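In: need a 3D model of the following:
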Amino acid sequence: MKILVAEDDARLRRNIVYILKKEYHHVAEAENGQDALDHTHTEIFDLVILDWMMPKLSGIEVCQQLRNAGFNGSILMLTARDDTDDIIKGLDSGADDYIVKPFKMEELLARVRALLRRKDKVIEQVIQIDHLQLHVDSRVFLYNNKVIDLTKNEFLLLEYLFMNKGRILTREQICIYIWGYDYDVSNNSLDALVKLVRKKIDDGQSKSHIQNIRGIGYKLRDNECFRQREKN
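Out: Residues are numbered from 1 along each chain as shown. I've put the predicted structure just below:
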């Protein structure tokens, strides 16, 4: 799958690109409307994410030009405008959906999945590690085929770890995914959340599924770690 992210806020753009790269094969980025349009001339994208207000060309102008040129992929608009007339203008310009800033990354990912499903794209819906199973669409988590009750943030933590199984995630990346890019929570809040999740998925085992990487963040142990543990 190919996704283009056009956003002039560098920090927000980097966060969106990082998270999408963990789910999809290819993500390109642009810092203004003209660069976004140029990208679409050389590559075919399944989804284009456009910030409404960008230098050179606005998201609305890029959207209109793409549709006029016959682009049939999905278009998601990022906007700080929540006025009904503005939203209608964005949809009338050819956007398939919109999301109002500030937003949480979980909401963005949900919109992306929905748009790509409409295009009949295949997304991994069930992720299994050892005896743990996470169902992305239905937001259900199973331990030995038994449903485990999770709060919204507990599920988001596991979802992000599962999507990046075996990879080290920094505290900042995890916090952005759970609480949004403008999050205002302490490290203690994340540690407390991890502790609660461990109690629900570790079942008293000596080695937790969620590994603490000192000074960096956390990672989910992969299948090989559990196979080695069972042999020892």
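In: quick one, phi/psi of the residue lying closest to Arg139 once chain neighbours are set aside?
Out: Taking Cβ to Cβ, 6 or more residues apart in numbering, and ignoring the residues beside it in sequence, Arg139 has Phe155 as its nearest neighbour in space, at 5.8 Å. C-beta: built from backbone N, CA, C; applies to glycine. The phi and psi values for Phe155, taken as degrees, to the nearest 10, are phi -70, psi -40.
In: what about Phe155, distance to Ile99?
Out: The gap separating Phe155 from Ile99 is 20 Å, by Cβ to Cβ, to the nearest Å.
In: my guess is the residue nearest to Arg139 meets Ser138, correct?
Out: No - between Phe155 and Ser138 there is no contact under Cβ atoms under 8 Å: 10.8 Å.
In: when those two are compared, which one has more neighbours?
Out: Between Phe155 and Ser138, Phe155 has the larger neighbour count (other Cβ atoms under 10 Å), namely 19 against 9.
In: same question for stretch 130-140: list its buried residues.
Out: With burial defined by 16 or more other Cβ atoms under 10 Å, the residues of stretch 130-140 counted as buried are Asp130, Leu132, Gln133, Leu134, Val136.
In: the first one and Leu190, how far apart?
Out: Distance from Asp130 to Leu190, counting by Cβ to Cβ: 23 Å.
In: and stretch 64-79, what's buried?
Out: Of the residues in stretch 64-79, those with enough neighbours to count as buried (16+ other Cβ under 10 Å) are Gln64, Gln65, Leu66, Phe71, Gly73, Ser74, Ile75, Leu76, Met77, Leu78, Thr79.
In: what pLDDT does the fifth one get?
Out: To tie it back to what came earlier, the one meant is Gly73. Among the per-residue scores, Gly73 shows a pLDDT of 88.
In: that one contacts Glu43, correct?
Out: No - at 10.7 Å, Gly73 does not count as touching Glu43 under the criterion of Cβ under 8 Å.
In: ranges for the strands of the protein?
Out: Remark: strands of the chain, listed N- to C-terminal, are 2-6, 26-30, 47-51, 74-79, 97-100, 126-129, 132-135, 140-143, 146-147, 169-170, 210-213, 217-220; assignment by DSSP state E.
In: please produce CSV containing those, extended by distance to Glu159.
Out: Written out in CSV, the entries for the strands of the chain read as follows (distance: least, Cβ to Cβ, whole Å):
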stretch, distance to Glu159
strand 2-6, 19
strand 26-30, 19
strand 47-51, 20
strand 74-79, 20
strand 97-100, 18
strand 126-129, 9
strand 132-135, 6
strand 140-143, 9
strand 146-147, 15
strand 169-170, 12
strand 210-213, 13
strand 217-220, 11
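In: please identify the deepest-packed of the ones you listed.
Out: Using mean count of other Cβ atoms under 10 Å, the stretch among the strands of the chain with the greatest mean number of neighbours is strand 47-51 (a mean of 27).
In: in terms of mean pLDDT, which of the strands of the chain ranks lowest?
Out: With a mean of 82, strand 126-129 has the lowest mean pLDDT of these.
In: surely Pro55 touches Gly33?
Out: Yes - using Cβ under 8 Å, Pro55 is in contact with Gly33, at 7.0 Å.
In: coming back round to it: mind checking how far the residue nearest to Arg139 is from Val112?
Out: Distance, Phe155 to Val112, using Cβ to Cβ: 18 Å.
In: hey, C-alpha coordinates of stretch 153-162 in PDB?
Out: What follows is the C-alpha trace of stretch 153-162 in PDB, where atoms were taken according to Å, rounded to 0.1, in the frame of the first residue of the first chain:
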ATOM      1  CA  ASN A 153      -5.800   2.900  26.700                       C
ATOM      2  CA  GLU A 154      -4.800  -0.700  27.600                       C
ATOM      3  CA  PHE A 155      -6.000  -1.900  24.200                       C
ATOM      4  CA  LEU A 156      -4.200   1.000  22.500                       C
ATOM      5  CA  LEU A 157      -0.900   0.100  24.200                       C
ATOM      6  CA  LEU A 158      -1.200  -3.600  23.200                       C
ATOM      7  CA  GLU A 159      -2.300  -2.600  19.600                       C
ATOM      8  CA  TYR A 160       0.800  -0.400  19.200                       C
ATOM      9  CA  LEU A 161       3.200  -3.000  20.600                       C
ATOM     10  CA  PHE A 162       1.600  -5.800  18.500                       C
END
